[in-house]
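S.K.: dropping the sequence and predicted coords here.
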Amino acid sequence: MTKQPGKLRTLEEYIIQTQNRFPGATGDLSQLLRDIGLASKIISREVRKAGITNILGADGSTNIHGESVKKLDIFADQQLISALDRSLITCMVISEENDGVVRLHHEGGKYIVFLDPLDGSSNIDVNVSIGSIFSIYMRPARHDGKLLEIDALQQGLRQVAAGYVLYGSSTMMAYTTGMGVSLFTLDPSIGEFILAMDDVMLPDHGNIYSINEGSYNSWSPGLKKYIKYCQVEDPETSRPYKARYIGSMVADIHRTLIKGGIFIYPESSRYPNGKLRLMYECNPLSFIIEQAGGLAIDGRNSILELQPEFIHQNTPIYIGSKQNVLKVQEFLKAEAVIERA
C-alpha cells in the first residue's frame, strides 16, 4: 500500500515540510539530502548521454575490491563527494571507489556519509539500470574533537537517513529518515524530483525471487532447498515464483520495494563472507526495506544489527518481503540443525 501525493511536490518542498515536523531542527540534514539530490541530477544527465560523450568503458584501474573501475564510476564519485564537501556539514565520506576514508575540508562537520556512487556499473556498457546508494550517520561526539576512521564503524540501526537513486527508464530517488519511505521521479522538463509515492510499503509476501542461479553449486544445502521450494507449484502460496535477476542491486531492490518478493546474495564457497558491502550497499538498502515493512538478514541475524569491523566489510544478505525472508530463514536454520547433528 502506498499513499499517492495529492498535488505535485518537489523534493526540496517535501524535505522542508518534513523538517518542519521537528521543532528545533537545524536544517543540516535537509541540506545534505538536497546536495545528494543535486549531484544525482548531474549523474543522471551524464548517464543519459554516456554513449555519445566517450564516458563509457573502463578507466583502466581497479577499486578496493579488485573490480574494474568504469569512467562513470569515477565521475559519479567525484560529483557526490564534491556536493557533500561544498555544504561543510559532512566531515568524512567512505566510498566504494576509495581505499580509505575521504576527509572533507570541514572536519567539524556533524555527518559521516557512505556512498556506492554507481552500483551495478558492470552493466553500464550494456545500458542496464544502475544507481547510486547513500547512507548517513551522525559523527560520534569526542572530548578531543579528533576525527577517526573508527567513528564510521556504526551499526545500520544508527543511520539517520539512507537512500538510492535509480537511473533507469526514468530517474527515481527513494529515501528514508526513519519515518517511512518516500519515492520521487525526476521530471527532466523542469529539472526537479517530484514526489511519486509517500509511505511506500512493500507487500508482506511476494512471488518473485532474485538471485544469481549461475552460482547454485556453490550455495549451502539450505539455500538450494529454498530455491527448489520457490520453483515447486503450489497455488496456495503463489508458487512457482518468478525468477528475476538484473545484476544491479539498486534495480533489483527497487523492483522488490514496489512488487515484493526476495533478493538474495548469499555466502558461498567462493565468497564465504558474502560479496556485497555492508556499509554502503546492505545497510542503506536494508534500512529502506525495513522502513517499508520488509526484513533484511545475513542468514541468521538482522543486517542492521551487525557491528562492522572495517569500512569495506562484506556480508551475505537476504532481503525483501517479511514472509519471504522468514521462510528462507527457516530453511537455513533447519539445515544448520542437520549439520550440527
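M.R.: That came in fine, so what should we check first?
S.K.: show me where this structure has its helices.
M.R.: Under the criterion DSSP state H, the chain contains helices at 11-19, 28-48, 71-86, 221-231, 249-259, 283-291, 322-340.
S.K.: for Asn98, find the nearest of those helices.
M.R.: Asn98 lies closest, by C-beta to C-beta, to one member of those: helix 71-86, at 7.4 Å. C-beta coordinates here come from the backbone N, C-alpha and C atoms, glycine included.
S.K.: now the angle between helix 28-48 and the closest one, please.
M.R.: On the basis of axes from the mean of the first three to the mean of the last three C-alpha atoms, to 10 degrees, helix 71-86 is oriented at 160 degrees to helix 28-48.
S.K.: would you mark the buried spots in helix 71-86?
M.R.: Of the residues in helix 71-86, those with enough neighbours to count as buried (16 or more other C-beta atoms under 10 Å) are 71-81, 83-85.
S.K.: may I see these organised as CSV, with pLDDT and distance to Asn98 added?
M.R.: Rendered in CSV, the data for the buried residues of helix 71-86 read as follows (pLDDT from 0 to 100; distance: C-beta to C-beta, whole Å):
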residue, pLDDT, distance to Asn98
Lys71, 83, 16
Leu72, 87, 16
Asp73, 88, 11
Ile74, 91, 11
Phe75, 91, 14
Ala76, 94, 12
Asp77, 95, 7
Gln78, 94, 11
Gln79, 96, 14
Leu80, 96, 11
Ile81, 95, 9
Ala83, 94, 16
Leu84, 94, 13
Asp85, 93, 13
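S.K.: now those as a markdown table including distance to Asn301?
M.R.: A markdown table is the format used below for the buried residues of helix 71-86 (distance: C-beta to C-beta, whole Å):
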| residue | distance to Asn301 |
| --- | --- |
| Lys71 | 38 |
| Leu72 | 34 |
| Asp73 | 31 |
| Ile74 | 35 |
| Phe75 | 36 |
| Ala76 | 31 |
| Asp77 | 31 |
| Gln78 | 35 |
| Gln79 | 35 |
| Leu80 | 30 |
| Ile81 | 32 |
| Ala83 | 34 |
| Leu84 | 31 |
| Asp85 | 35 |
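S.K.: re earlier: return the most buried member of the helices of the chain.
M.R.: helix 283-291 (a mean of 27; mean count of other C-beta atoms under 10 Å).
S.K.: and that helix, what does it pack onto?
M.R.: Helices and strands in packing contact with helix 283-291 are listed as strand 130-138, strand 159-167, strand 171-176, helix 249-259, strand 295-297, strand 317-320; criterion 3 or more C-beta pairs under 8 Å, 6 or more residues apart in numbering; DSSP states H and E.
S.K.: thinking again about what came up before, next, format the helices of the chain as TSV and append distance to Asp199.
M.R.: TSV is the format used below for the helices of the chain (distance: least, C-beta to C-beta, whole Å):
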stretch	distance to Asp199
helix 11-19	12
helix 28-48	17
helix 71-86	27
helix 221-231	29
helix 249-259	12
helix 283-291	10
helix 322-340	17
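S.K.: can you tell which of those helices is closest to Ala152?
M.R.: The closest of the helices of the chain to Ala152 is helix 283-291. By C-beta to C-beta, the value is 11.5 Å.
S.K.: now the nearest residue to Val47 once chain neighbours are set aside: how far from Lys41?
M.R.: Beyond its immediate neighbours in the sequence, the residue positioned closest to Val47 (C-beta to C-beta, 6 or more residues apart in numbering) is Tyr167, lying 4.6 Å away. Relative to Lys41, Tyr167 is positioned 11 Å away (criterion: C-beta to C-beta, to the nearest Å).
S.K.: what do you get for Leu186?
M.R.: Using C-beta to C-beta, Leu186 is found at 7 Å from Lys41.
S.K.: what touches both of these two?
M.R.: In terms of C-beta atoms under 8 Å, 6 or more residues apart in numbering, Leu186 and Lys41 are both contacted by the residues Thr171, Phe193.
S.K.: where does pLDDT dip in the stretch 151-300 of the chain?
M.R.: Under the criterion of pLDDT under 70, none of the stretch 151-300 of the chain is flagged as low confidence.
S.K.: apply 90 and report the result again.
M.R.: Across the stretch 151-300 of the chain, the stretches falling below the confidence threshold (pLDDT under 90) are 168-169, 236-238.
S.K.: wait, which of the buried residues of helix 71-86 is closest to Ile288?
M.R.: Nearest member of the buried residues of helix 71-86 to Ile288, counting by C-beta to C-beta, is Leu80, at 17.9 Å.
S.K.: which residues does stretch 178-198 contact?
M.R.: Contacts made with stretch 178-198 from outside it, assessed by C-beta under 8 Å, 6+ apart, are listed as 2-5, 8-12, 14, 18, 37, 41, 44, 159-161, 170-176, 199-200, 257, 287-288, 291-292.
S.K.: can we see that at 7 Å?
M.R.: Residues external to stretch 178-198 that are found in contact with it (C-beta atoms under 7 Å, 6 or more residues apart in numbering): 2-5, 8-11, 14, 37, 41, 44, 170-175, 199-200, 288, 291-292.
S.K.: pull out the buried positions in that stretch.
M.R.: For stretch 178-198, the buried set under the neighbour-count rule, 16+ other C-beta under 10 Å, comprises 180-186, 192-198.
S.K.: turn those into JSON lines, including distance to Asp144.
M.R.: Compiled in JSON lines, the buried residues of stretch 178-198 are given as follows (distance: C-beta to C-beta, whole Å):
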{"residue": "Gly180", "distance to Asp144": "38"}
{"residue": "Val181", "distance to Asp144": "38"}
{"residue": "Ser182", "distance to Asp144": "38"}
{"residue": "Leu183", "distance to Asp144": "42"}
{"residue": "Phe184", "distance to Asp144": "40"}
{"residue": "Thr185", "distance to Asp144": "45"}
{"residue": "Leu186", "distance to Asp144": "43"}
{"residue": "Glu192", "distance to Asp144": "43"}
{"residue": "Phe193", "distance to Asp144": "40"}
{"residue": "Ile194", "distance to Asp144": "45"}
{"residue": "Leu195", "distance to Asp144": "43"}
{"residue": "Ala196", "distance to Asp144": "45"}
{"residue": "Met197", "distance to Asp144": "45"}
{"residue": "Asp198", "distance to Asp144": "42"}
